[in-house]
Structure formats: structure tokens, C-alpha cells
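Q: attaching a predicted model along with its sequence, questions to come.
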Amino acid sequence: MGNLFSNYYELASMLLFVVGFLILLIQRNLIKKIIGLNIMDTSVFLFLAAKGYIAGRMSPIIRDGVTDASRYINPIPSGLVLTGIVVAVSTTAFALALALRWYQQYNSLEVDWTTLKHLLKGEK
Amino acid sequence: MGVAIIALLLVGAVAAWACKNDKTARIIGVGVALVNVALAIFMTVRVSLEGEQITNLFGQTIRIGYLECFMACIFGIIGFLIVWASVSMISHDVEQKKIPMFYGLVLILLCTLNAVVFFEGLLGVFISIELSSFAAAGIVIVKNQKENVHAGLKYLSLSILGSTLVLMGMIILYSQTGSLSISGIGAVIQSAGFMAEKQSYVIWSFALISGGIAFKAALFPCHIWLPDAHGTAPSPSSAILSSLVLKAYIVFYMKMLFGAVGFELIASTGMRNLLNVIMVVGVVAMICGSVLAIMQTDIKRMIAYSSVAQMGYIFMGIGIGTELGLFAALFHILAHAVTKSGLFLVAGSIIEQTHNRDLTKMGGIGRLMPVTMALFTIGGLSMIGIPLFVGFNSKWNFATAIVDSSRYWLLIPLSVSALLNALYYLPVVIRAFFGKEAKEMTDPLGSKERPIKDLMPLIILAVGVIVFGVYAGPVSDFLHKGISFLTSIAH
């Protein structure tokens, strides 16, 4: 527990999450939206890493032959972060491929909902 | 067995995708889906004879109990019927060189949906959820039109938002319980004194998971991606998306809520407040989804909004939070899967044969395609909740659960929503068979009907609607067993 500032990792990750979420919602440029998505993912990774961190211990890679578990931080959240990063990379790749397809179809990277509706209606 | 199903679908997906020839891809798709049905039924028989099966895959526990078998059978059988129907329908929507890719994506999607339900470790569930949203966005975009790119991008970004929220909830649960499996978390949460001490952590983490699942499963205010994705996708994709994809996440959510926390703790702690919120949002979704459906003129968007309303029923059942409520929600998963997949395939047939998506121009279509429209009528009547169709049993179960938990006011939205369902399904049927265009039409009866061999899967689905409507006893017993089994996994 403790107050808001002693948990500054969590505070920072929540702020990053909100920043990423707002970019995803408000920005009209697709590339900026994808960047927002990445910031959102990164905030969750920070949160995860902070959950596994134990002050004064090393990262969970065996160093100098020390195998005593009490010298290392909790490895499971780090493993989760690694998995999450892989997922985030593939998500970004997929989203960028879609953005490329979008550019080919609409000749623009802007997501402007009013003109978009017009375009879609004009087609039918 | 669980591993066998996942491996089979994965290998089948790679094989179908690698095909150069679209005919071979179709054969592989149907064949693999058929073998999957056999495996799912075999697994169900084995579990009901020998009890739960526990195996390992990639270091993650797979626990196959009754609920997992139930879902595997739904994914298997309905997935097979949709793949079968897609053999003749898919070339209308997807260009020929993309057809192998379509079958690859469908099989990957079925594989990941099974994995979401089977895995007990939250890590495995999270990865499967992400993979399934890629595959689901893929079968929307495979049609490669302007509106598909738009819908797919919207679907992808909102489902990533949803899975991020789910991940965050999982982390908070992990940091408090020190376990990453549903039964492990359940054992800690249900141990004496834990809930009294750390109630707020559990409630907030479940609130995050609920928010994420609401995006993934299109609970009302988070449904904005659904009409675009389901409305523009190729018809077999729409059928898979609405009848199977939404359900996998809900079953995971049920396992988290009722497996890890359990009925007693939900009724006696602050979790009740969270479930009350879900119940009220579910009721709002039932009404608003139907109202939005009435306002549509595109047949596929209308059916898509109807899905939003039906998801509202399921969330209301979860929100009631009793065994009967959970049973009603689970039965509705079956009812909705059978009915909605049939309706989407019928809509696809109509669009394919008449090149018309506009509901207002569908007068007299009952004369051109009498069998297809009869199947639509069966689906529509089931959605409304007419006796002899599966939708009636489902509504009856909800009503029993409501009366049992003495929240009598919920009966009002339940009946209003049935009435609203009638308001958008019946006019289509009436106009198709008895509209003035039908009387003036001179085309011979059934002149635009698809050949009966292409209609077979749709007819089987309609027969399923009636069979489960008349004779639901064995399924109900199986589900009741599954629920009592689910509550015991944490001990």
C-alpha cells in the first residue's frame, strides 16, 4: 500500500496508459494511433515489471554462479513482459500492414469519420 | 485430447494456407473441421465416463472438464457446418487466390478459440486471446474491400484495448495471489480471510477483466466495432464471428468469476456490486441492441445488432450470479450459436442470389427462395422465443433464474426485449411471404433457390434449432454437471 507517490511505478504506468489511450482515441493519423497503441502496451509492461521487482536484487539471469533464489527478483512477471512484447510487436506489424492497405484504398492515412461515411455511401 | 484438437487445427491451418489451389484448400478445410468434430465428441464421451483430463502444452496446464467439452463441441460442430456452407458461398465474397488464406485463418481461429477455453494458465489464455483477435480481424479483412479495411482496423484496435485491460487485471490478481492459474488463484481467493483482507484488489482486478471482456465480447457500450466487422465480413466469417468468437471470451470470464471466486463469495462480498453493474449493463444492452437493430436497413447489420442484444442476455445471466443464472447464460451460448450462425448464412445466401442487402427491397423474396426464407423464419422465431424453438428454452431458463433470485423487475426487460426482437424479425418474414410484391411477382416459385446440397448445412442448423427446442434435457444435465464441476476446481 502506501501513498500515491511511494508507488510511483504504478502511477507512471497509469499515466502512460491514459496518454496512449487518448492518442488512440483522439488522433486522426493512423500511424499516431498505432504509436498510441504501443504506448498503452508499454505502460502495461512497466506495470508488470514493477510488480516483479524486489528492491536490491538482481535481474533473474544467473551471474557469477550464484543460484540462490533470494538474490534475484521474481522472474515470472519478467517472462510475462517478454511474452507481452512479442505479442505487441506482432500487433504493431499487423496494424501497420492494415495502415498500408488503408493508404492504398483511401490514398490517405487520416481517419476522418465524416468524409469516410460519405465515401462509403457514395460507393453503394 | 485437448492437445490433439489444438495440434490438428494448427496443422490443418498451415496445410490449408500453404495450398496453391483453392479446391484443395476447401477439401482440407472441411476435412479438418470434420475430424475436429469427431475429436470433440470423443473427448466429451471420455470426460463424461472418466472425469476431468489434465495435460500439458508448452508448460501450460490444460484442464478438460465438462464446460470445456461443451464449448469444444460447439466450436467443432457449428464450425464444421459453417465451413461446409462456406465451400459454396465463399467465392462470392473472397477472390479466388485468397481462398486458401481464408481457410487457414478460419482453422487458426478455431484452434485459438479452443485454446482460450482449454488453457488453465492465464499466460496461455492471454496469448490465445491475442492470437484469436488477429485471426478474427483477418477473416474480416480477407474480403479486401474499403469498408473491410476500415472495420478490421477498428476491430483490431478495440480488441487490443480489451486484451490489454484483461492483462492488467490478470497482473493485479497475480501480484496479490502469487498464482497464474485459475485454480491456483481460486484456491487463494477462497482461503479463509483472504477476501476480507484484500477484497478491493480482487474487485478492481475483476473490474478490469470485465472491462476487457466487454470490449472483446461486445457488451453494449463497447459494441461499436461489432456491426462494422460482422456486417461487412464475408457471410461465413460473420457466422463464425458472432456465433463462436464472442463466446470463447465469455466462457473464460465465467471460469474466472465462478471457478476462481465461486458463488458463495460472489453473493456475500463486494463482488456482488460488480455483478450488479454487469447485470444492469446487460439489460441495457438487451434493449438498446434491439432498438438499434430495428433502425437498420441492411440485413447483415440488423442481424449483427441482434447479436449485441443477445450478448446482453448472456451478461445478464452472468450478472444474476446464481447457478441458475450461469446455466441460463451457458444455454444461451448454445442457443445463440445455433440460431445466429444459421441466420448469417441465410442472409449470405440471400445477398449472393439477389445481390441486394436492403431490407426494404426484400418484398416477395419468399416466392423466389422459399426454403431459404423458411430457414430464416425458423431462426427469427427462435430469436423471438416462440415455444418449440431453442430460443424459448433459453428465455425460459432466464426467467427461472430471475424468479429464483427474486429480482422480479428483470422479467420486464426480458419480455420487452422479446417483443422488440419480434419487431425486427417478423416484418422481414411477413414482407417476404405475404407482401404485395409477393402477390404481384410472376417469377416461378423458387426460381432463385440455391441447390439443395449447398443448403444442407443451413437445414441442419435449423433442425438443430428445433431439436434443442424440443429436447434439451441431455444438454441441460451436462451443463448442470459442468457448473457443479466448475465450482469445485479451486479446492
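A: Yep, it's here.
Q: select the longest helix from chain A.
A: Counting residues, the longest helix in chain A under DSSP state H turns out to be helix A:75-106.
Q: so which elements touch that helix?
A: Using 3 or more CB pairs under 8 Å, 6 or more residues apart in numbering or on different chains; DSSP states H and E, the elements in contact with helix A:75-106 are helix A:30-52, helix B:122-141, helix B:146-177. In this view, the C-beta of every residue, glycine as well, is placed from N, C-alpha and C.
Q: and the last one, what other elements does it pack with?
A: In this case it means helix B:146-177. Using 3+ CB pairs under 8 Å, 6+ apart, helix B:146-177 sits against helix A:8-26, helix A:30-52, helix A:75-106, helix A:113-123, helix B:122-141, helix B:182-189, helix B:194-216, helix B:225-232.
Q: restrict whatever helix or strand comes next after the last one to CA atoms and write it as PDB.
A: The first helix or strand that comes after helix B:225-232 along the chain, using DSSP states H and E, is helix B:235-240. Coordinates of the C-alpha atoms in helix B:235-240 are reproduced here as PDB (Å, rounded to 0.1, in the frame of the first residue of the first chain):
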ATOM      1  CA  SER B 235     -21.100 -14.200 -44.600                       C
ATOM      2  CA  PRO B 236     -19.300 -17.400 -43.300                       C
ATOM      3  CA  SER B 237     -16.900 -15.200 -41.400                       C
ATOM      4  CA  SER B 238     -19.800 -13.200 -39.900                       C
ATOM      5  CA  ALA B 239     -21.400 -16.500 -38.800                       C
ATOM      6  CA  ILE B 240     -18.100 -17.700 -37.100                       C
END
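Q: off-centre distance for helix B:235-240?
A: 11 Å (CA atoms, centre = their mean, to the nearest Å).
Q: what comes up buried for it?
A: Neighbour counts using 16 or more other CB atoms under 10 Å in any protein chain shown place B:Ser235, B:Pro236, B:Ser237, B:Ser238, B:Ala239, B:Ile240 of helix B:235-240 among the buried residues.
Q: how many residues are close by the nearest residue to the second one once chain neighbours are set aside?
A: Among residues not flanking B:Pro236 along the chain, B:Ser86 sits closest, at 3.5 Å (CB to CB, 6 or more residues apart in numbering or on different chains). For B:Ser86, the tally of surrounding residues (other CB atoms under 10 Å in any protein chain shown) stands at 29.
Q: does B:Ser86 belong to a helix, a strand or coil?
A: Per DSSP: H, G, I helix; E, B strand; the rest coil, the local secondary structure of B:Ser86 is helix.
Q: swap in B:Asn56?
A: Criterion first, three-state DSSP; result for B:Asn56: strand.
Q: could you check how far it is from B:Ile62?
A: According to CB to CB, to the nearest Å, B:Asn56 stands 7 Å off from B:Ile62.
Q: more neighbours: these two, which one.
A: B:Ile62 (24 against 10).
Q: quick one: the more buried one and chain A, what's the gap?
A: 18 Å (CB to the nearest CB, to the nearest Å).
Q: cool, B:Ile314 as well?
A: Taken as CB to the nearest CB, the span from B:Ile314 to chain A is 27 Å.
Q: again, but for B:Ile28
A: On the measure of CB to the nearest CB, B:Ile28 and chain A end up 24 Å apart.
Q: how about the contacts made by residue 59?
A: I went with chain A, as the question did not name one. By CB atoms under 8 Å, 6 or more residues apart in numbering or on different chains, the contact list for A:Ser59 reads A:Tyr72, A:Ile73, A:Ser78.
Q: residue ranges for the strands of the stretch 1-150 of chain B, please.
A: B:53-57, B:60-64 (DSSP state E, counting those that start in this stretch).
Q: what are the contacting residues of the worst-scoring helix or strand of chain B on mean pLDDT?
A: Least confident helix or strand, chain B: helix B:436-440 with a mean of 72, by mean pLDDT, DSSP states H and E. For helix B:436-440, contacts defined as CB under 8 Å, 6+ apart pick out B:Gly363, B:Gly364, B:Gly366, B:Arg367, B:Arg431, B:Ala432.
Q: ok, these vs chain A, which is closest?
A: B:Gly363 (19.7 Å; CB to the nearest CB).
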